[in-house]
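Trainee: coords please:
(2 chains)
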Amino acid sequence: MSTVDLAVQLGSLRLKNPIATASGTFGYGLEFSEFVDLSSLGAISVKGLSLRPCHGNPPPRICETDAGMLNAIGLQNVGVEAFLAEKLPELDRLGATVIANVWGDTEDDYCAVVERIGAERRIAAIELNVSCPNVVKGGMVFGNDPAALGVLVRKVRAVARRPLIVKLSPNVGDIVATARAAVDNGADILSLINTLVGLAIDLERREPKIGFTTGGLSGPAIRPVAVRMVWEVRKALPKIPIFGIGGIERTEDVIEFLIAGANAVQVGTANFRNPSLSAELVKGVAEWCAAHGESRVSNIVGTLKTRPRLEHTYA
Amino acid sequence: MAVNETLRVLRTLRYDAGHFSLFLQAGTIGPQAQPGNFAMLQAGDGLRPYLRRAFSIADVTTWRGVPAIEFVMKVVGVGTEMLGRFSEGTPVPVLGPLGIPFPIGDLEPGDRVALVAGGIGLAPLVLLARRLSEKGIEADLFYGGRNESDVLKRADFERLLGSHHCRYASDDGSIGRHGKVTELFEGALAAGIGFRRVYACGPVPMFRALARILEEGKIDASFAFESEMACGFGVCLGCVAPTADGRFATICREGPCLPPSAIDWSRL
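Mentor: Prediction:
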């Protein structure tokens, strides 16, 4: 087991292993310290931070669906100031590798949060949330339009002093177009995917089950979509480091993302179901590599062997 | 400190088609549990239901000499249906104990308190009744449901609190007073009984009516709130209630036991 090298390199960001946790599913990390040794994880991406504290959306905010759930939390968070003052020192003490997920209503809001983080050494990277489907302003307004995304990333890049991750929305026709816009304008790393917009209906009331009407679908139901999008972006942009995200539950799911082209993964909704899961997956990946004769986990990345697609024929 | 562990089913006790008690091994969760705490239980290892379910820890007890935690459940969907079919020995992943418990540390012998339950809202009050009786606190139960089969575990309450301290109400009159449990409680207030604090658990309409009565009477209270939740420990932010100070409080972490004065009832 100790012979497997789990370290992964995403641009200038070096992680001790490829298991990170996804923003919005891991709080500020501290809530998990009873269940997981935070220092054992590759990284944790904290709940999306805004310049000012945000109350989020009125309930109901979540509903369970088959193999997943819908949420429309509305980015409730303590704000970047409180995070830096109250949460970050404790995360640092616990040895966590911290990714600060950030968002805003406008380009200026995004830049202001990123400037506030500055060159803070206890933050390993900044992740731009341009893909939240559950707010009226900001979020997906940028993530669904390659031109708007490009402008935002360029402005943020100009003020960012830490590695910059852009988290992509799957609610687009062409994921490669938004991926390219992010990379061409200065993204160091991509993370994908955020949630897929969904709707669940209470039949008796004939009302949406979620207060915001639509919500973001997450969980194992979305994994094949996420794996496909990682694979498409990997083919189009062979050099860009990628975090794969979407419905990871088991060791095999992590390996699937790596084969598709992700350099590392972020575990999301499954953290709710089993708060110890992320640490279990670190062990699981090491065991899988050992059992498959892989001495370095990074050797698996992008090893998908595709068959040529044949055109259909007629009788 | 919350623990994520797998506990085996010791016993499933059916009350009727819609209600049952699930007894699990106490594990390390049981000895830590306080009245009002809850736990997240996983029903099966499949993808439906996907999320764990939140249940009040109803009692910490024993079954055939083995330390046990009891959950009292009403069948409302796929999760509770599966849990109700679990046989002895079935392993159940459990996360707990979670949440802020009922405040009881400040009570002293001679204090008198009320327990108000609606339907399956009895769940957190059984362990509360046990702890109160151990402390020598006089407690009155006001417990209502739609009908007699909605009003569960009456013998346990009567043993712990004394049968003369247990009063019932039902919408159809099949047990106790014909009417709402809040009317039953108001009757006791009108008769001049003074309560140091009221502990309640039940549906939102009951909470709403009770909150109004308590505010008028300036009576201290703690309500155990219920909500759908994905995680149970403050990270999904899915289970919030609107607060009187204009924000949203997580029921799992800031609650489930909250004073009714903390809630903005007009936005709930």
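
Trainee: Would you pull up the residue in the stretch 201-315 of chain A closest to chain B?
Mentor: Per C-beta to the nearest C-beta, residue A:272 is where the stretch 201-315 of chain A lies closest to chain B, at 4.0 Å. Any C-beta I mention is one placed from the backbone N, CA and C, and that applies to glycine too.

Trainee: What residues does chain B have near chain A?
Mentor: With C-beta under 8 Å from any C-beta of the partner chain as the criterion, chain B meets chain A at residues B:1-2, B:4, B:42, B:47-52, B:93, B:95, B:227-231, B:233-242, B:246-248, B:253, B:267.

Trainee: let's go with 7 Å and repeat that
Mentor: Chain B comes close to chain A at residues B:1-2, B:4, B:47-52, B:95, B:228, B:230-231, B:233-238, B:240, B:242, B:247-248, as judged by C-beta under 7 Å from any C-beta of the partner chain.

Trainee: Count residues in the vicinity of the residue of the stretch 201-315 of chain A closest to chain B, would you?
Mentor: 27 (other C-beta atoms under 10 Å in any protein chain shown).

Trainee: Enumerate the residues of chain A near chain B.
Mentor: A:25-27, A:31, A:34-35, A:55-56, A:58-59, A:61-64, A:66-69, A:71, A:73, A:76, A:219-220, A:272-273, A:275-276.

Trainee: quick one: contacts for the residue in the stretch 51-200 of chain B positioned nearest to chain A?
Mentor: Residue nearest to chain A within the stretch 51-200 of chain B: residue B:51 (5.2 Å; C-beta to the nearest C-beta). Residues in contact with residue B:51 (C-beta atoms under 7 Å, 6 or more residues apart in numbering or on different chains) are A:64, A:69, A:272-273, B:230.

Trainee: What ranges does the stretch 51-200 of chain A have for its strands?
Mentor: A:62-65, A:68-71, A:98-102, A:123-129, A:164-167, A:189-192, A:196-198 (DSSP state E, counting those that start in this stretch).

Trainee: just checking, what packs against the shortest one?
Mentor: Looking back up the chat, that one is strand A:196-198. Helices and strands touching strand A:196-198, by 3 or more C-beta pairs under 7 Å, 6 or more residues apart in numbering or on different chains; DSSP states H and E, are strand A:215-218.

Trainee: how about JSON lines for the strands of the stretch 51-200 of chain A, with mean neighbour count and mean pLDDT added?
Mentor: Shown next, in JSON lines, are the strands of the stretch 51-200 of chain A (neighbours: other C-beta atoms under 10 Å in any protein chain shown; pLDDT from 0 to 100):
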{"stretch": "strand A:62-65", "mean neighbour count": "23", "mean pLDDT": "96"}
{"stretch": "strand A:68-71", "mean neighbour count": "27", "mean pLDDT": "97"}
{"stretch": "strand A:98-102", "mean neighbour count": "26", "mean pLDDT": "98"}
{"stretch": "strand A:123-129", "mean neighbour count": "26", "mean pLDDT": "98"}
{"stretch": "strand A:164-167", "mean neighbour count": "28", "mean pLDDT": "98"}
{"stretch": "strand A:189-192", "mean neighbour count": "28", "mean pLDDT": "98"}
{"stretch": "strand A:196-198", "mean neighbour count": "19", "mean pLDDT": "97"}
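
Trainee: Those strands: which one's closest to residue A:240?
Mentor: Proximity to residue A:240 (C-beta to C-beta) singles out strand A:189-192 among these, at 5.7 Å.

Trainee: Contacts for that closest one next, please.
Mentor: With C-beta under 7 Å, 6+ apart, strand A:189-192 has contacts from A:10-11, A:13, A:125, A:127, A:163, A:165-168, A:175, A:179, A:182, A:226, A:229-230, A:233, A:240-243, A:245, A:266.

Trainee: if we go to 8 Å?
Mentor: With C-beta atoms under 8 Å, 6 or more residues apart in numbering or on different chains as the contact definition, strand A:189-192 has outside contacts at A:10-11, A:13, A:45, A:125, A:127, A:163-168, A:170, A:175, A:179, A:182-183, A:226, A:229-230, A:233, A:237, A:240-246, A:266.

Trainee: what do you get for stretch A:140-154?
Mentor: A:107, A:110, A:128, A:130-133, A:164, A:166, A:168-169, A:171-172, A:177-178, A:180-182, A:184-187, A:194.

Trainee: Buried among those? Make that a ChimeraX selection.
Mentor: The buried residues among the contacts of stretch A:140-154 can be selected in ChimeraX (16 or more other C-beta atoms under 10 Å in any protein chain shown) with this line:
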select /A:107,110,128,130,131,132,133,164,166,168,169,171,172,178,180,181,182,185,186,187,194
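
Trainee: one step back: compile the contacts of residue B:51 into TSV and extend it with columns for distance to residue A:5.
Mentor: Below are the contacts of residue B:51 laid out as TSV (distance: C-beta to C-beta, whole Å):
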residue	distance to residue A:5
A:64	39
A:69	35
A:272	31
A:273	30
B:230	35
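
Trainee: Quick check: next helix or strand after whichever strand or helix holds residue B:205?
Mentor: Here residue B:205, judged by DSSP states H and E, is contained in helix B:204-217. Counting by DSSP H and E, the next helix or strand C-terminal to helix B:204-217 is strand B:221-224.

Trainee: Show me what the mean pLDDT comes to for the helix or strand that that following strand is followed by.
Mentor: Scanning forward in sequence from strand B:221-224 by DSSP H and E, the next helix or strand is strand B:240-242. Average pLDDT, strand B:240-242: 97.

Trainee: again, but for stretch B:82-91
Mentor: Rounded mean pLDDT across stretch B:82-91 is 96.

Trainee: Can you give me the buried ones in that stretch?
Mentor: B:82-84, B:86, B:90.

Trainee: Can you tell me which of the residues you listed is nearest residue A:206?
Mentor: residue B:82 (27.8 Å).

Trainee: wait, the closest one sits on residue B:44?
Mentor: Yes. At 5.3 Å, residue B:82 counts as touching residue B:44 under the criterion of C-beta atoms under 8 Å.

Trainee: need the contact list for the closest residue in space to residue A:60 that isn't next to it in sequence.
Mentor: Nearest residue to residue A:60, sequence neighbours excluded (C-beta to C-beta, 6 or more residues apart in numbering or on different chains): residue A:211, at 5.2 Å. Contact analysis of residue A:211 by C-beta under 8 Å, 6+ apart lists A:57-61, A:72.

Trainee: how far away is residue A:211 from residue A:66?
Mentor: Counting by C-beta to C-beta, to the nearest Å, the gap from residue A:211 to residue A:66 is 21 Å.

Trainee: what does residue B:27 give?
Mentor: Separation of residue B:27 from residue A:66 (C-beta to C-beta): 30 Å.
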